[in-house]
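Undergrad: my questions are about this predicted structure, shown below with the sequence.
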Amino acid sequence: MEKHPLSSSAMNPALTTLPSTDPAQILRFRDRQYSAELLATALLHYDFFSWLGLNAGASSDLISKHFGFIARPLDVLLTLCRASGLVTTDAAGGHHLTAHAQEHLVKGSPWYLGPYYAPVKDTPIVKGFLSVLTTGKPGNWQAKSDAKDWHESMLDPEFARSFTDLMNCRGMIFGQFLAKAIKPLLGDRCHLLDVGGGSGIYSSTMVAAHPQLSATVLEQSPVDAIVKKEIARHGLESRVKVATGDMFKVTWPETDIILLSNVLHDWDLPEVRALLVKAAETLKPGGLLIIHDAFIQDGKTGPMAVAEYSALLMNITQGKCYSPAEYGAVLREVGFEPGSYQDTIGDRGFMTAVRR
Ligand SMILES: C[S@@+](CC[C@H](N)C(=O)[O-])C[C@H]1O[C@@H](n2cnc3c(N)ncnc32)[C@H](O)[C@@H]1O
């Protein structure tokens with residue numbers, strides 16, 4: 001008998017096979033790679049903690065003014081400090097050192113640990129942080145010498161291939177967890193638009209888990225060609241299509257579900273807003289938006305692993321990890337009713353919003 005292209009035997013079985021162990025710690029080693037250098041930057045280049053000790057209750061605005069820091073990277077630094085128990089923030093937005101930071105990060109304390117960080121004081125990653133903190137512009141990917149930031153690098157076929165592999169391998173796990181957790185919210189919706197979909201792994205795991213779904217991956221060149229190959233490798237050409245274009249400029253294809261997976265975290269708030277406006281323009285009332293990402297808690301005191309990952313994102317992209325409250329505020333403004341946040345695996349999770 002001739003095989004139907006949709007038959008499950010044609011589809012890569014790995015798309016619906018979960019590992020038996022939790023990958024979180026292995027992901028964390030990598031995700032936290034920049035956090036020591038962000039602390040070293042604040043500690044050794046700005047003596048930030050001695051200053052905050054003398055200026056207890058300083059607001060973010062005052063800190064920005066004093067050090068010349070841009071709001072987004074300062075927010076990432078303060079979130080990392082709160083998550084690490086170094087800083088607390090009061091209800092009025094004033095920042096204070098904890099006893100822990102007073103003892104170990106303030107010059108003149110007998111237990112000052114500044115010299116411990118001297119070996120990472122002048123690394124290329126620290127140079128990136130010095131630039132991001134004061135200009136808001138990202139450092140170049142892994143502080144390589146060709147001076148391209150991550151977004152520019154993704155237009156280069158060789159870099160795009162290797163970075164898409166990086167995103168694809170975690171997506172093989174995250175995508176399955178997302179597909180499972182989203183099931184009760186899908187209703188009778190039948191088409192997913194995966195904006196900035198990378199290798200298309202989230203579309204692939206989603207359609208593999210839900211026979212009612214087909215999907216379109218919207219990607220820019222040269223990643224679009226990578227997606228086509230990946231979709232063919234998974235045997236899903238009849239259910240996952242690829243649309244090529246700049247997500248900020250093109251009209252998004254018609255759909256009743258939009259997925260933004262690890263996309264918004266690459267951008268500052270004006271671009272986040274622009275993408276959420278696009279999502280609102282694309283979906284009809286009742287349409288479902290899914291934001292899948294690493295989320296900071298609303299109080300911005302953790303989780304630690306996400307605060308650390310946010311340091312990496314703020315260094316190499318124009319973004320950071322946002323909280324459900326930050327997204328929720330923009331979503332309400334642009335025409336969505338935000339839903340609640342749910343954890344999945346590996347310090348990731350998702351929030352949904354329904355088009356009003
Ligand atoms: C961090 S990756 C996320 C990929 C995938 N969604 C995931 O979760 O693994 C961001 C993706 O956005 C894509 N992207 C960035 N700028 C874009 C643009 N202007 N138009 C379309 N895609 C874009 C990149 O090519 C990249 O694949």
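TA: Alright, I've got the coordinates. Numbering: from 1, shown residues only.

Undergrad: show me which residues of the stretch 151-300 of the chain sit near the ligand.
TA: Within the stretch 151-300 of the chain, the positions near the ligand by C-beta under 6 Å from any ligand atom are 154, 167, 171, 196-198, 202, 219-220, 223, 246-248, 261-263, 266. Yep, even glycine has a C-beta here, placed from its N, CA and C like the rest.

Undergrad: what is the burial count for the closest residue to residue 157 other than its chain neighbours?
TA: Leaving out its chain neighbours, the residue that sits closest to residue 157 by C-beta to C-beta, 6 or more residues apart in numbering is residue 222, at 4.5 Å. Using other C-beta atoms under 10 Å, the number of residues around residue 222 comes to 17.

Undergrad: please list all residues in contact with residue 222.
TA: Contact analysis of residue 222 by C-beta atoms under 8 Å, 6 or more residues apart in numbering lists 155, 156, 157, 160.

Undergrad: ok, so of those, who is nearest the ligand?
TA: residue 160 (6.8 Å; C-beta to the nearest ligand atom).

Undergrad: my read: the closest one touches residue 226, true?
TA: Yes - the criterion here is C-beta atoms under 8 Å, and residue 160 meets it with residue 226 at 6.6 Å.

Undergrad: number of nearby residues for residue 220?
TA: Neighbour count for residue 220, taken as other C-beta under 10 Å: 18.

Undergrad: now it: closest residue in space, sequence neighbours ignored.
TA: Residue 220 sits nearest to residue 246 (C-beta to C-beta, 6+ apart), 5.9 Å away.

Undergrad: could you look up the SS state of the one you found?
TA: Under DSSP: H, G, I helix; E, B strand; the rest coil, the three-state class of residue 246 is coil.

Undergrad: got it, and residue 318?
TA: coil.

Undergrad: mind listing the strands for the stretch 1-150 of the chain?
TA: Under the criterion DSSP state E, counting those that start in this stretch, strands of the stretch 1-150 of the chain are mapped to 87-89, 95-97.

Undergrad: next, format those as TSV and append mean pLDDT and mean neighbour count.
TA: Formatted as TSV, those follow (pLDDT from 0 to 100; neighbours: other C-beta atoms under 10 Å):
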stretch	mean pLDDT	mean neighbour count
strand 87-89	98	19
strand 95-97	98	20
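
Undergrad: wait, residue 217 sits on residue 227?
TA: Yes - taking contacts as C-beta under 8 Å, residue 217 lies within contact range of residue 227: 5.0 Å.

Undergrad: joint contacts of those two?
TA: 197, 200, 242.

Undergrad: return the closest of those residues with respect to the ligand.
TA: residue 197 (4.9 Å).

Undergrad: is it true that the closest one lies in a strand?
TA: No - counting by three-state DSSP, residue 197 is located in no strand; its state is coil.

Undergrad: state the number of residues packed around it.
TA: By the criterion of other C-beta under 10 Å, residue 197 has 32 neighbours.
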